[in-house]
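[1] what follows is a predicted protein model with its sequence.
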Amino acid sequence: MALQPPPSPALERNLHASRPEAVRDAAVALAAFGLTLLLLGVDHSADRGLDPLGGLLAALACFPLVARRRSPLAVFALTTAAAATLNGLGYALGPPFGPTVALFYVAQDERIRARIPETAAVVLGFFAVHVGATAAAHGGFPTSAILFGVVVWGGAWVLGDQLRHRRRRRAEVEDRIRRAQRDTERERRLAAAEERTRIARDLHDSAAHAINVILVQAGAARLLQQRDPEATRRALTTIEEVARETIGEIDLLVHGLRENGAGGEAPPIEPPTGLAALETLAERYRAGGLAIEIRTAGRPRPLSRALDQAAYRIVQESLTNAARHGSGAAEVDVRYAESELELTISNPAAPSADGETLARGHGILGMRERAALLGGGLEAGRDGVAFRVYARLPYAGIEEQP
């Protein structure tokens with residue numbers, strides 16, 4: 001005999017969730033049935049007392065409530081028809097417990113929003129049937145009993161409708177909370193991706209700058225070791241300082257990438273030095289044989305951290321390219337314009353340097369990204385016999401990089 005596969009976890013959850021609801025519905029139906037039997041049994045003024053037919057009709061007026069989750073409107077129609085039959089056969093008049101509860105379930109069901117005309121027609125039609133049967137059985141219009149039924153049914157509808165509105169508002173609030181959580185998670189992931197991109201950009205700049213300085217200083221030390229031991233020692237000291245600083249910075253950057261990749265919070269990373277250290281940067285290249293002239297125009301002003309870092313990195317990368325692909329000299333112009341900082345770095349290009357290839361390199365790409373993040377722009381390429389980098393960095397750009 002083939003074994004039946006076990007039910008899925010989702011099916012088991014649905015079954016467990018539906019059991020308490022089914023128990024509650026059965027308890028409500030049983031309570032309504034008990035109250036209806038009590039009414040039929042204690043009212044001796046009616047034409048008929050409690051008998052098997054009355055018990056059957058009372059059951060039909062109450063026990064369909066257990067199926068109200070499938071079709072509350074059909075349950076209301078069935079229970080009301082049974083209650084109207086009870087009244088029409090001369091049984092005791094009183095609150096129609098089953099139809100009243102069924103009407104409450106109809107009013108609180110969200111599906112009636114799409115079927116309001118149909119629902120109104122069924123409710124009013126069966127109310128008329130109930131009133132007509134009662135009037136026919138008692139040879140007149142029992143005003144007090146009918147009015148009492150109107151009040152009871154009206155109250156059931158109002159309570160159900162209020163419950164439906166409350167559930168809808170709660171569902172809307174929960175939906176807004178879920179959307180806000182999804183938006184927050186998406187923004188967190190975007191911020192983490194942007195942070196990783198920034199760290200990777202800084203890692204490239206730091207490594208390229210350090211390797212270039214070390215290369216130039218090592219070459220100078222090799223050439224001067226016999227003729228000028230003091231210059232050789234200075235070159236080796238510079239190599240040691242640059243290597244130590246770069247190792248520390250790369251360690252922080254890589255640690256930040258690892259933490260971000262694991263979904264954790266990255267430790268705060270010290271921002272790189274800004275334009276205030278431009279002379280220190282230039283001295284390192286001058287010690288390696290690159291003649292650098294720095295000119296400043298305009299009135300210096302305080303810069304945001306993001307702009308200051310971006311400007312420093314652009315000059316650093318440009319000098320690295322000048323040392324690697326230039327012919328021994330570079331000029332740096334820093335201009336504080338009215339609404340933006342302008343940087344121009346130019347150097348005579350070596351005859352063998354391919355300016356088009358340099359302009360498409362990763363270093364130039366990183367500089368363009370930095371300028372774009374601040375709302376500015378960067379141009380790089382050959383200008384005659386020189387290679388020129390021109391960057392515009394607005395003061396009112398993004399105040400803080402992600």
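    That came through fine.

[2] ok, now how distant is residue 104 from residue 38?
    20 Å (CB to CB, to the nearest Å). For glycine as for every other residue, the C-beta is placed from the backbone atoms N, C-alpha and C.

[3] likewise for residue 128?
    In terms of CB to CB, residue 128 sits 27 Å off from residue 38.

[4] then residue 328?
    Separation of residue 328 from residue 38 (CB to CB): 109 Å.

[5] how about residues contacting stretch 52-65?
    Applying CB atoms under 8 Å, 6 or more residues apart in numbering, the contact partners of stretch 52-65 are 25, 28-30, 32-33, 36-37, 40, 48, 75, 78-80, 82-83, 85-86, 89, 91, 96-99, 101-102, 105.

[6] tell me the buried residues within these.
    25, 28-29, 32-33, 36-37, 40, 75, 78-80, 82-83, 85-86, 91, 96-99, 101-102, 105 (16 or more other CB atoms under 10 Å).

[7] which of those residues fall in helices?
    25, 28-29, 32-33, 36-37, 40, 75, 78-80, 82-83, 85-86, 97-99, 101-102, 105 (DSSP state H).

[8] what is the rounded mean pLDDT of stretch 226-244?
    Mean pLDDT, computed over stretch 226-244, is 73.

[9] which positions in it come out as buried?
    232, 234-235, 238-239, 242.

[10] spatially, which two of those are the most separated?
    232 and 242 (15.9 Å; CB to CB).

[11] can the buried residues of stretch 226-244 go into JSON lines with extra columns for secondary structure and distance to residue 317?
    What follows is the buried residues of stretch 226-244, written out as JSON lines (DSSP: H, G, I helix; E, B strand; the rest coil; distance: CB to CB, whole Å):
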{"residue": "232", "secondary structure": "helix", "distance to residue 317": "28"}
{"residue": "234", "secondary structure": "helix", "distance to residue 317": "25"}
{"residue": "235", "secondary structure": "helix", "distance to residue 317": "22"}
{"residue": "238", "secondary structure": "helix", "distance to residue 317": "19"}
{"residue": "239", "secondary structure": "helix", "distance to residue 317": "20"}
{"residue": "242", "secondary structure": "helix", "distance to residue 317": "15"}
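
[12] could you tell me the phi and psi values at residue 334?
    phi -110, psi 120 (degrees, to the nearest 10).

[13] and it, how far from residue 129?
    Distance from residue 334 to residue 129, by CB to CB: 92 Å.

[14] do you have the strands of the chain handy? List them.
    In the chain, the strands defined using DSSP state E lie at 291-298, 329-336, 340-348, 377-383, 386-394.

[15] looking at those strands, which is nearest to residue 172?
    strand 386-394 (42.0 Å).

[16] leaving out the residues flanking it, which one is nearest to residue 42?
    residue 92 (7.9 Å; CB to CB, 6 or more residues apart in numbering).

[17] so how far is residue 134 from the one you found?
    Distance from residue 92 to residue 134, by CB to CB: 11 Å.

[18] and residue 172, how close does it get to residue 110?
    12 Å.

[19] ah, wrong one, I meant residue 25
    17 Å.

[20] show me the contacts for the nearest residue to residue 329 once chain neighbours are set aside.
    In space, and not counting its chain neighbours, residue 329 is closest to residue 291: 4.4 Å by CB to CB, 6+ apart. Applying CB under 8 Å, 6+ apart to residue 291 gives the contacts 328-330.

[21] residue 314: neighbour count?
    25 (other CB atoms under 10 Å).

[22] now do the contacts for it.
    Contacts of residue 314 were listed using CB under 8 Å, 6+ apart, and they are 343, 345, 367, 370-371, 378, 389, 391.

[23] can I get the residues you listed in JSON lines with pLDDT, neighbour count and distance to residue 284?
    As requested, those are exported to JSON lines (pLDDT from 0 to 100; neighbours: other CB atoms under 10 Å; distance: CB to CB, whole Å):
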{"residue": "343", "pLDDT": "95", "neighbour count": "24", "distance to residue 284": "19"}
{"residue": "345", "pLDDT": "94", "neighbour count": "26", "distance to residue 284": "15"}
{"residue": "367", "pLDDT": "87", "neighbour count": "27", "distance to residue 284": "19"}
{"residue": "370", "pLDDT": "85", "neighbour count": "27", "distance to residue 284": "21"}
{"residue": "371", "pLDDT": "89", "neighbour count": "23", "distance to residue 284": "24"}
{"residue": "378", "pLDDT": "93", "neighbour count": "22", "distance to residue 284": "23"}
{"residue": "389", "pLDDT": "94", "neighbour count": "27", "distance to residue 284": "19"}
{"residue": "391", "pLDDT": "94", "neighbour count": "25", "distance to residue 284": "21"}
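
[24] report the two of those separated the most.
    345 and 370 (13.7 Å).

[25] endpoints of stretch 371-382, how far apart?
    Using CA to CA, to the nearest Å, one end of stretch 371-382 lies 19 Å from the other.
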